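**Q** build me a model from this:
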Amino acid sequence: LALCRGRVVRVPKGPLIRVLGTEVVIPCSVSDYDGPSEQNFDWEFSRETDFVRIVSTWDSTFTSEEYQKRVGHGDIKLRRSSNDAVELVIRNIQPTDQGRYKCSTPSTDATVQGNYDAEVQVKVISDGLSVSGSKARSSTSLRLPEGDSFKLRCSAISNSPEHTHLQVTWQIRSGSTWQDILSLTHEGKFQPGVGYEERYRNGDIRLDTGANDTYRLSVSQASSVDGGAYRCLVSEWVRGADSSWQKIQEKSVEIASVAIQRTDVVISTSNVSVTERDSLDLTCNITTDRSGIFQAEVMWYFSASPDDTLSDAQILLSVDRDSVVSDSTLISLSHVDRNSYRLLVRDVDVEDSGYYFCQAAIWVPLHNGSWHKVVERTSAPVNVVVTALEPDYEVFLNVSKMPKFSDDPTELNCRITNAQDTEANIRFTVSWYYRKRLRSDDVVTEELMATMDADWTLLLGDRSRERTQNGEIIFSKKAVDTFSLRIQWTSESDRGDYFCVISAWSRHRNNSWVKSKDVTSASVNIFWATQDYMLTVEAVKLKPFFVAGHTFEMTCKVSSKNIKTPRYSVLITAEKPLTDQSNPNGTTRIISLNQDSVVRLEDWTDQTRVDGVVLEKVQENEFRYRMYQTQISDAGLYRCVVTAWSPGGGGMWREAVNGLSNPIQIDFQTSGPVFNASVHSDNPTIYQGELADLLCIITMEGMALEPDDMSFDVSWFAVRSFALDREPVLLASLDRRGIVTQSRRNGSSDVSLERISPLEFRLRVHSCEDHDFGNHYCVVTPWVRSPTGVWQREPNIKAKPIFLSVKMDVLNAFKYPLLIGIGLATVIGLLSCLIGYCSSRWCCKKEVQETRRERRRLMSMEMD
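**A** Okay, here's the model as predicted:
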C-alpha cells in the first residue's frame, strides 16, 4: 500500500449538464501530496484537441489572450475553499463554453507519484423552463377574514432536451427573507417547511397538481401568520453520471399578496373598582370584518392571577352558538347585539376581586349543513377590585397588673372602643406581639406570641408555645370587646414592649370569613428595677496537717445578696499537678450536690474507693467535703464551685449566679523511695518470625522496702514511627494483682507479659512481623504500703523508649521460589531436548542422495 500511494487530483464525474446563462461551479481538489499544505491549481479548456489556459492560482500571466477579458471582468474566477481545493466559477455560461475542462496541480512532491491533473466534460443546454402565475387579476391581492381558506396556483413546464425533473416550492415572505411552506421535491415527495409540519399533517396545508402543469397551494384555517407575499419557486434537476441529483437552475414568480383580517375579542372597560354589595357590569365585544352568516360562542372566566391559563381559571357563564346560556343564581349573561355579550354579577363580595376575561369562537355554516369553527380568541384580563365595607373602631391596651419583682404575674387587656358600622357579619380577633427594647438604636423586629383566626382558634408563636402549653402564659377573651394576656411568672426575658392587633373579619355569601381591617394598639413597656446578684464562697481546711492514708476534710460556706429564697448546688473540683498523666487537662470534677440535695459522683474513677469521697449539707449555707484514705496521687488544689438557684414559675428552679471558692491545697511531705524505670533488650534488631525480648527494669532510690510492701502496674506501649510523631498503641498491661490484659492485634504475631523478678517485667513478641517495628516503652505505676497497712499510689513513671527493628531474611524468602524455578527450568529443558530428538529422528528425516565420486590419485607435475 505504501508503494501505491501518490498524489490524486479529483474533479466531478462528467458530463456536467448546465443551462445556458446560469452560473457554473466546478470543484477541484488534491490529496496525498508532499510539500506545503497550500497547493496551487491551473485550469485549461479544450473544445476538441488543444487546451487553452484559463486561470491559475499562482501565475497571473497564465491566462491566455482569449480569456483575459472575461477573467478581468470577474466572469471567470477561482474561489479557494481550502488549502487543497478550489472552485472554477463561470458566470453566464454560453454554448462556446461547452467542452473539456482540465484541472492540474504543479508538483511539490519529492518523487513523481500519482496523477497531477483531471478532466471533466461540461455540456451546455438551452433554457426550457418557464414559470408563470394565475392569469386572474383578483389572485394578485387577497383580503379575507381570519379562519377562512384560500388557494393559489402557479404553472411550471420544462422543454429541456435532457431528461430533467422539477421541484416546486411554495414560499411566504417573512420580513426580508422567504420561508418554505410546502414543497413537491424532484423525487416526488412532499416536504413541509419548518413550522408547518403540524398543519400539513392536519390537512390545513396541501399542494395539489392539476391540468396544464399547474400546482395549487390550499390553505385552510388561515391565521395572522399566513398574511404576506407568496411566490412559487421552481428548480430543475438532472441526474449526474454518479447517479446523484444536481440542481441546474431555478426560477420563481410572485403569485399573490394575502392580508388576513384579525378577529379581536375585548372587554369594553379596563380596570374596574366596585364597592362590596354592588353589581359588576362587563361587556365582551367581538371585532370582525366577517359579513356572511356566522354565530358566536362566548365563555366568561375568572382567575385570581393574570398569568393563569384557561385550565386553571374558573368558568363563570357561557353561551353557545344556539344562544343557550348556562344557569347561575347571582350571575347573568345577555346578548346585547350581534357582537356584544354582557356579564352582570349582582351583590359582589370581596372574594369576587380578581381578573375577568372572555373567550369567543366564531362558527360558520358549511354546504352540508354542519357548523365549522373558524377562529377562537381570548380577551386580555380585566382587573376587578371589590372594596370591602370596613368597620370603624379603635384599640386601647392597658396593664392591669405590673410586676415589681421577678416571677410576679403580669396581665394586659386589649379593648375595642368607639366601634361603628359593626353589623352581625363582623367578627373581631386579636394578635399579641412582643418587642425587645435595646439601649442602642438597633432595629428589633417584633415576635408573634399568639394570634386568632376567623373561628377564634388560637395559633401560638415560637416565643410562647412551650410556656403556654405548660400553663405559664394564658390568652383569654374576657368580654365581647376585651382580650387578655396573662403571664403567671414573669422573668427578666419577658421585659420589653407589648402591643396587640385587633382584626375585623367579614362574612361572605358562602359563609366564609375574610379579614377586612387591622388596627394596632400603642405599645406598653413591662419593666421593673433589679439589682445584681452577689454570691461569696469560702473554703476552710479543718485539719491543717495530715499524712497519706488519713482523712481530708474541708467546708464551704456560702453567703448571697439580692437573691430571693436561694438554694445552692455545690461541685468539688481538684487541680492536679501537670505531672499527673491521668488528667492532662489539669482540673477534675469529683462530686456534686444539687439544689435538691441529690449527690452525684462526677469524674471519680477510682473503683477501689467508690465510697471514699462524701459531700453533705451541714446547714442551709454550709457544705462539708470528706475524702477517706488519701493517696499521694490525690495531691492538688481543691475548690468549691457553687451555683445559686431562685424559685421560678411552676415550681421550677432558675439559675441565678455562680461562685468559686478559694483553693485548699493537699501536699504530702514524705521521705519514701523514688522509683525509676528503663527498657532494655539484648537484641533490638531481629528478623521476621523471630522472638523479641524487652525488659522493663525498675530501680529504687532512698529508703529500702520489702518486696511485700510494694507492687507495680506495668503497661507496654508502641509508637509505629521513628520520630514518635504518632499516637502510642497499648500492647499489654499487668496490674499489681498479676492480671494480664492484651490489646487486640491484626497480624499473626503475639505478645506475652510476665514478671520475672520483683523489679523486672518482660515483654515478648512472638513470630515478629514487619509492622511490629517502632519505639517501645513501659509505663509503671508504683503502689507502696504505708505503716498503717494502706496501699498508696505513686505517680506514674514512663521509661525512655527503645527502637525495635524488624528485618526480612532474604535467603529464606527467596529459597523456595528459586528452587521451584530451577526445577521447572530443568524439566522444560529436558522436555525440549526430548521433543527435538523425536522430531529429528522420525518426523523430519530426509534421504540425501549423494553423487558417487571417483577416487583418483594426483599426478606429479613432471608426469603431466
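**Q** low pLDDT regions in the stretch 451-600 of the chain?
**A** Low-confidence segments of the stretch 451-600 of the chain (pLDDT under 70): 545-547, 578-585.
**Q** can you map out the strands along it?
**A** Assigned strands in the stretch 451-600 of the chain, in chain order: 458-460, 473-479, 482-487, 496-507, 513-520, 524-526, 534-541, 552-561, 567-575, 587-593, 599-601 (criterion: DSSP state E, counting those that start in this stretch).
**Q** what of the stretch 701-850 of the chain?
**A** Using DSSP E, counting those that start in this stretch, strands in the stretch 701-850 of the chain cover 710-719, 729-734, 740-742, 750-757, 760-766, 774-785, 791-793, 797-798, 802-807.
**Q** including mean neighbour count and distance to Glu446, could the strands of the stretch 451-600 of the chain go into TSV?
**A** C-beta coordinates here come from the backbone N, C-alpha and C atoms, glycine included. Shown next, in TSV, are the strands of the stretch 451-600 of the chain (neighbours: other Cβ atoms under 10 Å; distance: least, Cβ to Cβ, whole Å):
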stretch	mean neighbour count	distance to Glu446
strand 458-460	14	15
strand 473-479	15	16
strand 482-487	20	14
strand 496-507	20	8
strand 513-520	15	10
strand 524-526	15	13
strand 534-541	16	35
strand 552-561	18	36
strand 567-575	21	36
strand 587-593	17	41
strand 599-601	13	43
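**Q** distance to Arg277 added to those, as a markdown table?
**A** A markdown table is the format used below for the strands of the stretch 451-600 of the chain (distance: least, Cβ to Cβ, whole Å):
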| stretch | distance to Arg277 |
| --- | --- |
| strand 458-460 | 31 |
| strand 473-479 | 29 |
| strand 482-487 | 29 |
| strand 496-507 | 11 |
| strand 513-520 | 13 |
| strand 524-526 | 38 |
| strand 534-541 | 68 |
| strand 552-561 | 68 |
| strand 567-575 | 66 |
| strand 587-593 | 72 |
| strand 599-601 | 72 |
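**Q** quick one, which of these gets closest to Arg231.
**A** Across these, Arg231 has its closest neighbour in strand 513-520 (61.6 Å, Cβ to Cβ).
**Q** related to what we said a few turns ago, check the strands of the stretch 701-850 of the chain for me: which has the lowest mean pLDDT.
**A** Lowest mean pLDDT within the strands of the stretch 701-850 of the chain: strand 791-793, a mean of 80.
**Q** which strands or helices does it pack on?
**A** Counting contacts by 3 or more Cβ pairs under 8 Å, 6 or more residues apart in numbering; DSSP states H and E, strand 791-793 packs against strand 774-785.
**Q** partner strands of the strand it packs on, with direction?
**A** strand 710-719 (antiparallel), strand 791-793 (antiparallel), strand 797-798 (antiparallel), strand 802-807 (antiparallel) (DSSP bridges).
**Q** state the pLDDT value of Glu850.
**A** Glu850 is assigned 52 on the pLDDT scale.
**Q** correct me if wrong: Leu317 contacts Val325.
**A** Yes - counting by Cβ atoms under 8 Å, Val325 is a contact partner of Leu317 at 6.6 Å.
**Q** in its sheet, what does the helix or strand hosting Tyr433 sit against?
**A** Using DSSP states H and E, Tyr433 maps to strand 426-435. Sheet pairing of strand 426-435 (DSSP bridges) gives strand 447-452 (antiparallel), strand 496-507 (antiparallel).
**Q** before we move on, the earlier item: quick one: the strands of the stretch 701-850 of the chain as a markdown table, columns for mean neighbour count and distance to Val384 too.
**A** As requested, the strands of the stretch 701-850 of the chain are exported to a markdown table (neighbours: other Cβ under 10 Å; distance: least, Cβ to Cβ, whole Å):
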| stretch | mean neighbour count | distance to Val384 |
| --- | --- | --- |
| strand 710-719 | 21 | 84 |
| strand 729-734 | 18 | 81 |
| strand 740-742 | 13 | 86 |
| strand 750-757 | 14 | 91 |
| strand 760-766 | 18 | 93 |
| strand 774-785 | 21 | 86 |
| strand 791-793 | 19 | 91 |
| strand 797-798 | 16 | 89 |
| strand 802-807 | 16 | 92 |
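**Q** is it possible to export those strands to a markdown table including distance to Pro663?
**A** What follows is those, written out as a markdown table (distance: least, Cβ to Cβ, whole Å):
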| stretch | distance to Pro663 |
| --- | --- |
| strand 710-719 | 30 |
| strand 729-734 | 34 |
| strand 740-742 | 37 |
| strand 750-757 | 40 |
| strand 760-766 | 38 |
| strand 774-785 | 26 |
| strand 791-793 | 22 |
| strand 797-798 | 27 |
| strand 802-807 | 41 |
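**Q** any idea which of the ones you listed gets closest to Tyr196?
**A** strand 729-734 (80.1 Å).
**Q** helices or strands up against the closest one?
**A** Against strand 729-734 (3+ Cβ pairs under 8 Å, 6+ apart) you get strand 710-719, strand 740-742, strand 750-757, strand 760-766.
**Q** how near is the residue most central in space within the chain to Leu280?
**A** Closest to where the C-alpha atoms of the chain average out (Cα atoms, centre = their mean) is Asp307, at 28.9 Å. Going from Asp307 to Leu280 by Cβ to Cβ, to the nearest Å gives 22 Å.
**Q** one more: Ser560?
**A** Using Cβ to Cβ, Ser560 is found at 74 Å from Leu280.
**Q** give me the three-state assignment for Thr309.
**A** Three-state call for Thr309 (DSSP: H, G, I helix; E, B strand; the rest coil): coil.
**Q** stretch 96-114: end-to-end distance?
**A** 32 Å (Cα to Cα, to the nearest Å).
**Q** can you list the buried residues in it?
**A** 97-98, 100-105, 113-114 (16 or more other Cβ atoms under 10 Å).
**Q** show the average pLDDT along it.
**A** 86.
**Q** who touches that stretch?
**A** Outside stretch 96-114, the residues that touch it by Cβ atoms under 8 Å, 6 or more residues apart in numbering are 5-9, 11, 24, 26, 28, 30, 32-36, 39-48, 51, 54, 58, 88, 90, 116-124.
**Q** how is the chain carved up into domains?
**A** 7-125, 129-261, 265-387, 394-526, 534-666, 674-809 (the TED database).
**Q** can you put those domains in TSV and add distance to Gly823?
**A** Formatted as TSV, those follow (distance: least, Cβ to Cβ, whole Å):
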stretch	distance to Gly823
domain 7-125	59
domain 129-261	71
domain 265-387	87
domain 394-526	84
domain 534-666	59
domain 674-809	22
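**Q** among these, which comes closest to Leu830?
**A** Checked against Cβ to Cβ, the stretch from the domains of the chain lying closest is domain 674-809, at 32.2 Å.
**Q** grab the nearest non-local neighbour of Leu724.
**A** Once flanking residues are discounted, Leu724 sits nearest to Asn775: 5.8 Å by Cβ to Cβ, 6 or more residues apart in numbering.
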